[in-house]
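**Q** 3D, please:
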Amino acid sequence: DPIGALLAVLVFEAIIAHHGSTGLNSAVEVFLKMLGAGVVLGILAGQSLGWLLKKRAIPDYLHGVVALGSVFIIFAAANQIAHESGLLAVTLMGVWLANMRDIPLENILNFKESLSILLISILFILLAARLDLDALKEVLVSGLLLMLVIQLVAQPVKVLLAYDGKELNWKERFMTGWIAPRGIVAAAGAPVYAGQLEALNYPKAHLFVPLTFALIIVTVLLASFTARPMARLLGVSEKDPHGILIVGANAFAIAVAEKLKEWGFRPLLVDDEYRQIQTARMAGLDTFLGSPVSEAADRQLNLIGFGYLLALSTDAARNLIASLRYDPEFGHRSVFTLADGSSRKTSARNRTARQHRRLHLFSEDATAGSLMDKMEKGWTLKATGLTEQFDWAQYQQQFTTGFLALFILDKNGKLHVINSDQNQPEPRAGDQILALVAPEGAPISDA
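**A** Sure, this is the predicted structure:
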């Protein structure tokens, strides 16, 4: 988007210079003035804001507001110096700030995401409301021709320049070029540039906005209706996630990972205890030696195709930190952690704050201590299939000494993690149940 916005400004200025009555020297002077003002103010603003953030001179809750205010100020200041240099200045400001090291940008990025959704939604509604349908019909043929040029020529060339065979294979590059995003920069800039072109009596400037929107409409519809069939045809469509990130490599976690692997899933155990990781490796499991919230984990863990996080560590604090760290990646409904017993405590000083709680694995009583105690007493993991004759009710009656249901693999191959949510699917015929089962002859348990 920043590169597209910059190119739009530069191309627009070139058109104005070419169409105007001023000479080449004057046009170059205007262009250099715009470029100089935008670059200097953008870099200075980015460096200054980054320095303030790094020194913690701005409270965290004001990061987003201060950044937005800075954008307005720099945009106006740059335009006062050189017309149309404001967009260049604020774009370079953002690029410069994003590439500075050790700058806390999380609050700005979160604020930006919410603001972008709101503004883009409003922008498209307002711009679409101004469309002249008669003018849209007038550019329909030229819009289709332009779409073909972009789709069949410009997009493939852009993708070939952006990626090589090491990053993406030819199928992935073809798919990227087919559905590459387009629209928001053009939609935002078209009305501004069209108005100025009309003021200069540029030929057919009134068709600029309809042509832009015709292109956006056609390309968006094309990508929307053809993306899934094209991905399946090329064999690059993402299948249901089979990767499961497991925090902790204790005996229970290893036993769970082995059973999930037998079901066809791809568990990855993360722990910083070398002996536990070594035991998991000896069992033929994928492992990562280190903390799940370490810098090494951020750089080296490839979580493409992973759909769940199971926090099974015996360290409750580590489970909590890992669940908070990976919640944005997996989603709140796919991050599970063992209960730490704090929810049963009556004092608010001891209970985990509500915004930090995640869905508890298996049951509210299934703490790390209780599970490890069961493993030491001989409890084992057992997978059992249900049929019409052997249903869920009969399953529960079979294990009289006690069992703790952990996972359900339905007949369609989808994994359901049993958790503290009240709306749990009831196992049906064709499903498989993975449970922690008490040994024969053990005292009857309430688990």
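**Q** use CA for all of it now, contacts and neighbours both
**A** OK.
**Q** what's the average pLDDT for stretch 112-122?
**A** The predicted model gives stretch 112-122 an average pLDDT of 82.
**Q** please read the previous query as pertaining to stretch 374-387.
**A** In this model, stretch 374-387 has an average pLDDT of 84.
**Q** buried residues in it, which are they?
**A** 374-375, 379-383, 385-386 (16 or more other CA atoms under 10 Å).
**Q** what about the strands in this protein?
**A** Listed in chain order, the strands of the chain (DSSP state E) span 243-247, 266-271, 286-289, 306-311, 335-337, 359-360, 380-385, 403-409, 415-417, 432-437.
**Q** out of those, which gets the lowest mean score?
**A** strand 359-360 (a mean of 76).
**Q** which other helices and strands does that strand contact?
**A** Based on contacts counted as 3 or more CA pairs under 8 Å, 6 or more residues apart in numbering; DSSP states H and E, the elements that strand 359-360 packs against are strand 335-337.
**Q** and the strand it packs on, what does it pack onto?
**A** strand 306-311, helix 316-330, strand 359-360.
**Q** what strands line up against it, and which way round?
**A** In its sheet, strand 335-337 lies beside strand 306-311 (parallel), strand 359-360 (parallel), with partners assigned from DSSP bridges.
**Q** I would like the residues contacting that strand, please.
**A** Among residues not part of strand 335-337, those counted as contacts by CA atoms under 8 Å, 6 or more residues apart in numbering are 308-312, 319-320, 323, 326-327, 358-361, 419.
**Q** give me the distance between the residue most central in space within the chain and S313.
**A** The residue at the geometric middle of the chain, judged as the C-alpha nearest the mean C-alpha position with CA atoms, centre = their mean, is E329 (6.0 Å). Taking CA to CA, to the nearest Å as the criterion, E329 is separated from S313 by 20 Å.
**Q** now swap in A255 and tell me
**A** The spacing between A255 and S313, counted by CA to CA, is 13 Å.
**Q** neighbour count for these two, which is higher?
**A** The neighbour count for A255 versus S313, taken as other CA atoms under 10 Å, is higher for S313 (24 against 18).
**Q** is it true that that one touches V247?
**A** Yes. Under the criterion of CA atoms under 8 Å, S313 lies in contact with V247, with a separation of 5.7 Å.
**Q** residues in contact with both of these two, list them for me.
**A** With contacts taken as CA under 8 Å, 6+ apart, the residues that reach both S313 and V247 are N319.
**Q** now N319: closest residue in space that isn't a chain neighbour?
**A** A311 (5.1 Å; CA to CA, 6 or more residues apart in numbering).
**Q** pull the number of nearby residues for the one you found.
**A** For A311, the count of nearby residues is 29 (other CA under 10 Å).
**Q** what sits up against stretch 214-228?
**A** Residues outside stretch 214-228 that contact it (CA under 8 Å, 6+ apart): 136, 139-140, 143-144, 146-147, 178-179, 182-183, 237.
**Q** for stretch 230-240, same thing?
**A** 171-172, 175, 228, 305.
**Q** would you turn those residues into JSON lines with pLDDT?
**A** Supplementary listing: the contacts of stretch 230-240 in JSON lines, determined by pLDDT from 0 to 100:
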{"residue": "K171", "pLDDT": "81"}
{"residue": "E172", "pLDDT": "81"}
{"residue": "M175", "pLDDT": "84"}
{"residue": "R228", "pLDDT": "85"}
{"residue": "G305", "pLDDT": "78"}
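**Q** around Q278, how many other residues sit close by?
**A** Neighbours of Q278 using other CA under 10 Å come to 15.
**Q** can you tell me how far it is from D272?
**A** For Q278, the distance to D272 equals 11 Å [CA to CA].
**Q** do L359 as well
**A** Going from L359 to D272 by CA to CA gives 24 Å.
**Q** the two: who's more crowded?
**A** Set side by side, L359 and D272 show more neighbours around L359, with 20 against 15, by other CA under 10 Å.
**Q** where does pLDDT dip in the stretch 201-350 of the chain?
**A** Residues of the stretch 201-350 of the chain that meet the criterion pLDDT under 70 lie in 238-241, 341-350.
**Q** phi, psi for K204 please.
**A** The main-chain torsion angles of K204 are listed as degrees, to the nearest 10 and equal phi 60, psi 30.
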